[in-house]
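In: have a look; sequence and predicted model below, questions after that.
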Amino acid sequence: MLSRNIRYACRRYSHAVTFRTTESSPTQQTDNQFGLFYTVNKDLCKQLYGHGGLPKSYMKQSKTFAETAIMVRRPALDIINCIKATDLNKPAIRYVLYGEDGTGKSMTIAHLLHYAFEEGYLIVHVPWVSDWLRRVLRHKEMANSLTREGLVDLPLDAAAWLLHFKTQNQHLLKSPEFIVSKEYVWSKREKTEAGAPLHELVELGIARVKYACDVVDAIVNEVKLLSNSKKCKTFVAVDGYNGFFNPLTRLKTPTKKKVAPEEVTLTTSILELTKNDWTNAVMVLSADSIANPDDDTKNYLPQHLLYRKGFDHLDPFVPVKVDRYTDREFLTCANYYRDRLWIRGPLDMETELKLTSACNPFKFMEQCAPL
Amino acid sequence: MNLSKNIALICKLPSHLTKVRPAVIVQTRFYPRPTSFPDYFQNPVFRKEDQATLVESNELSRIATVPVKPPTVAETSSVYYDPLVNKVINHVMKMGNKKLARSLVEKAFENIKRTQIERYHLAKTPEEKAKIELNPRDILHKAVENSKPLLQLLPIKRGGITYQVPGPITEKRSLFMAIKWLLEATNDKERTVHFPEQFAWELLDAANNTGKVVKRKQDLHRLCEANRAYAHYRWQ
């Protein structure tokens, strides 16, 4: 009887556990906020994740919950602490996020993007690599590159990315320090002078879609130069990075020749960016088995997903594992869902959901949906 | 009529009491084909609550010696198990593809939940909020309850003419009709609308006592009322 009372009291107490933190700036978050949810400002959300960056299912969820709340989790906290402790004058450190499907790699990147934004980093963010290489719409715009022989351009994707880059860094690009270092000649009549502001280059890429891929390449070079000369610090985030090292993409040239990832101009630009031959930068990449759909081995380790080529390209990097929920995280998440009315009913539900979802964040969210 | 009394009772009760689900659906299974189980095999008692009542009424010792059929995969002691939901899933199922049927019904539940939660957040006063039913299962129960017919028309041949004769309907058949009508109303949709969305709308409509299915039920009742002159053909 006594033990039952104690158990009941424990349950009552655990139900009342706090799940929300008012500390909405990732720069101030410490271990005290571990496992708690913080809300991202709506305008900021639109600016940072407006053109991709949050998983689709999560977007749906945030619409239902009428807020965007991100859980402060171990991998993000660890990386933030590492970034705070790093000497940026040394070559850039690359963090590779890995973990099972649905454990929150993309959400960790989203959290880190917010951190980078608060810290005033220049953000270079690729929301999902497979959108470029594997997602083939009915009319996927493709063209042979004018400047680089044998490569393929994805002008529309590049222009969309430039727009994303522009919205994420709109406040930074206005500063007079961001200028183009050398002259770029696009055609007989169009050229960008040396010393022109960087946002002019971006605007040109958006307006003249034909040159968008070359503009992306130019921006990558300029960003590297700017960082090296200490004019800005750069935060590079690429989700589904291992997509660049798959044997083939789903793209086909008009002559029905299948395209390899390294034959796409965007790939070469981003790979150039993720080399560690420059300073004043932080790179967070994720190795995701969803970006590698031909492989059904369920192996999520970076060595397997990145292939030899990618592993050599990234070596040395810091692997960061994103794991399933711990007991505490699960509890706060369940309480958050209860608060948002996503689950109701007896507390036994949580015990059962914990078992059936195996504490996998995505599965937990999915299994709560029809209840 | 027993059923109409039942319904009248439920309508009178305050909302928190109607959530007590009617134990209409008995946990029995009828095998379409002959099975390997002889007649004297009993249906399994797989719910913890049912087992507890058995223990309380001292019937467990009687049943303990009787051979029992195994429960199916869907019949679990999970917190979420609901006989009516299982029934609806079985009605949605085609060619034994229960996995798909279940996913469709669950998707519909998800849609219901999302619309209701959004409505909840839009509601301004606490009274309005309290009115909104958030649990998709309760909505299904209410929808089925609202679309159950109380009467049926039977074709009876008298003097060379077939009359549509109104008569009472059994509980089981009215449940069958309710689920059948809900699914027919759902499948009567545009090709581009997906089943879960349409099913969610139909359930919400029926739970609100409006929509195609409730209208169909009321039409049937009206026809029964109109044909009441033939009622004596049931026994003459």
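Out: Received the coordinates, thanks. Numbers count the residues shown, from 1 in each chain, chains lettered A, B, ... in the order given.
In: make it CA atoms for all contacts and neighbour counts henceforth
Out: Fine.
In: which strands and helices sit next to the helix or strand containing residue B:183?
Out: Secondary structure assignment for residue B:183, by DSSP states H and E: helix B:171-187. Contacts defined by 3 or more C-alpha pairs under 8 Å, 6 or more residues apart in numbering or on different chains; DSSP states H and E place helix B:171-187 against helix B:83-92, helix B:136-147, helix B:195-207, helix B:212-226.
In: CSV for these, including mean pLDDT, distance to chain A and mean neighbour count?
Out: Shown next, in CSV, are these (pLDDT from 0 to 100; distance: least, C-alpha to the nearest C-alpha, whole Å; neighbours: other C-alpha atoms under 10 Å in any protein chain shown):
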stretch, mean pLDDT, distance to chain A, mean neighbour count
helix B:83-92, 93, 11, 17
helix B:136-147, 95, 7, 22
helix B:195-207, 95, 12, 22
helix B:212-226, 95, 23, 17
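In: dump these to CSV, plus distance to residue A:149.
Out: As requested, those are exported to CSV (distance: least, C-alpha to C-alpha, whole Å):
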stretch, distance to residue A:149
helix B:83-92, 57
helix B:136-147, 59
helix B:195-207, 50
helix B:212-226, 63
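In: what residues does chain B put near chain A?
Out: Contact residues (C-alpha under 8 Å from any C-alpha of the partner chain) of chain B with chain A: B:78-80, B:106-110, B:113-114, B:117-118, B:121, B:135-137.
In: if any of these are buried, give me the PyMOL selection for them.
Out: Buried subset of the residues of chain B next to chain A, written as a PyMOL selection, criterion 16 or more other C-alpha atoms under 10 Å in any protein chain shown:
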select buried, chain B and resi 106+107+108+109+110+113+114+117+135+136+137
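In: and residue A:238, backbone torsions?
Out: phi -130, psi 120 (degrees, to the nearest 10).
In: report how many residues lie close to it.
Out: 23 (other C-alpha atoms under 10 Å in any protein chain shown).
In: what of residue A:78?
Out: Residue A:78: 14 neighbours (other C-alpha under 10 Å).
In: I'd assumed it was in a helix, is it?
Out: Yes - judged by DSSP: H, G, I helix; E, B strand; the rest coil, residue A:78 forms part of a helix.
In: contact partners for the residue in the stretch 51-200 of chain A that chain B sits nearest to?
Out: Residue of the stretch 51-200 of chain A nearest chain B, by C-alpha to the nearest C-alpha: residue A:64 (5.9 Å). With contact set as C-alpha atoms under 8 Å, 6 or more residues apart in numbering or on different chains, residue A:64 has these partners: B:114, B:117-118.
In: please repeat the previous calculation with a cut-off of 10 Å.
Out: By C-alpha atoms under 10 Å, 6 or more residues apart in numbering or on different chains, the contact set of residue A:64 is A:58, A:340, A:342, B:113-119, B:121.
In: got the buried residues for the helix or strand containing it?
Out: Residue A:64 is part of helix A:56-65, with elements assigned from DSSP H and E. Using 16+ other C-alpha under 10 Å as the test for burial, helix A:56-65 gives A:59, A:61, A:64-65.
In: tell me the mean pLDDT for that helix?
Out: Helix A:56-65 shows a mean pLDDT of 91.
In: how many residues are close by residue A:324?
Out: With other C-alpha under 10 Å as criterion, residue A:324 counts 19.
In: mind checking how far it is from residue B:233?
Out: 68 Å (C-alpha to C-alpha, to the nearest Å).
In: so what's the residue count around residue A:313?
Out: With other C-alpha under 10 Å as criterion, residue A:313 counts 15.
In: among the residues of chain B next to chain A, which pair sits farthest apart?
Out: Of all pairs drawn from the residues of chain B next to chain A, the one with the longest distance (C-alpha to C-alpha) is B:78 and B:121, at 30.1 Å.
In: one step back: closest to residue A:149 among the buried residues of helix A:56-65?
Out: Closest to residue A:149, out of all of the buried residues of helix A:56-65 and judged by C-alpha to C-alpha, is residue A:59, at 39.9 Å.
In: give the contact list for the closest one.
Out: A:49, A:52-53, A:65, A:67-68.
In: would you mind giving those residues as CSV with secondary structure added?
Out: Output for the contacts of residue A:59, formatted as CSV (three-state DSSP):
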residue, secondary structure
A:49, helix
A:52, coil
A:53, coil
A:65, helix
A:67, coil
A:68, strand
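In: ok, and the most crowded of the residues you listed?
Out: residue A:53 leads these on contacts (other C-alpha under 10 Å) with 23 neighbours.
In: that residue - nearest residue in space that isn't next to it in sequence?
Out: residue A:127 (4.8 Å; C-alpha to C-alpha, 6 or more residues apart in numbering or on different chains).
In: separation between that neighbour and residue A:117?
Out: 15 Å.
In: those two - which one has more neighbours?
Out: Regarding residue A:127 and residue A:117, a neighbour count based on other C-alpha under 10 Å identifies residue A:127 as having more, with 23 against 20.
In: surely that one is in contact with residue A:52?
Out: Yes - between residue A:127 and residue A:52 there is a contact under C-alpha atoms under 10 Å: 5.5 Å.
In: what do the two both touch?
Out: A:110, A:161, A:164.
In: and the residues you listed as a markdown table, adding distance to residue A:206 and neighbour count?
Out: Compiled in a markdown table, the shared contacts of residue A:127 and residue A:52 are given as follows (distance: C-alpha to C-alpha, whole Å; neighbours: other C-alpha atoms under 10 Å in any protein chain shown):
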| residue | distance to residue A:206 | neighbour count |
| --- | --- | --- |
| A:110 | 24 | 25 |
| A:161 | 9 | 24 |
| A:164 | 10 | 23 |
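In: among those residues, which lie within helices?
Out: Judged by DSSP state H, the shared contacts of residue A:127 and residue A:52 include A:110, A:161, A:164 as members of helices.
In: identify the residue spatially nearest to residue 198, adjacent ones excluded.
Out: No chain was given, so I picked chain A. Nearest non-adjacent residue to residue A:198 (C-alpha to C-alpha, 6+ apart): residue A:179, at 5.0 Å.
In: if you could check chain B rather than the one you did, that'd help
Out: Nearest residue to residue B:198, sequence neighbours excluded (C-alpha to C-alpha, 6+ apart): residue B:186, at 5.6 Å.
In: contacting residues for residue A:349?
Out: Counted by C-alpha under 10 Å, 6+ apart, residue A:349 has contacts A:334, A:343, A:355, A:368, A:371, B:78-80.
In: biggest separation within those residues, which pair?
Out: A:334 and B:78 (18.0 Å).
In: my read: residue A:24 touches residue A:68, true?
Out: No - Residue A:24 lies out of contact with residue A:68 (C-alpha under 10 Å); the separation is 11.4 Å.
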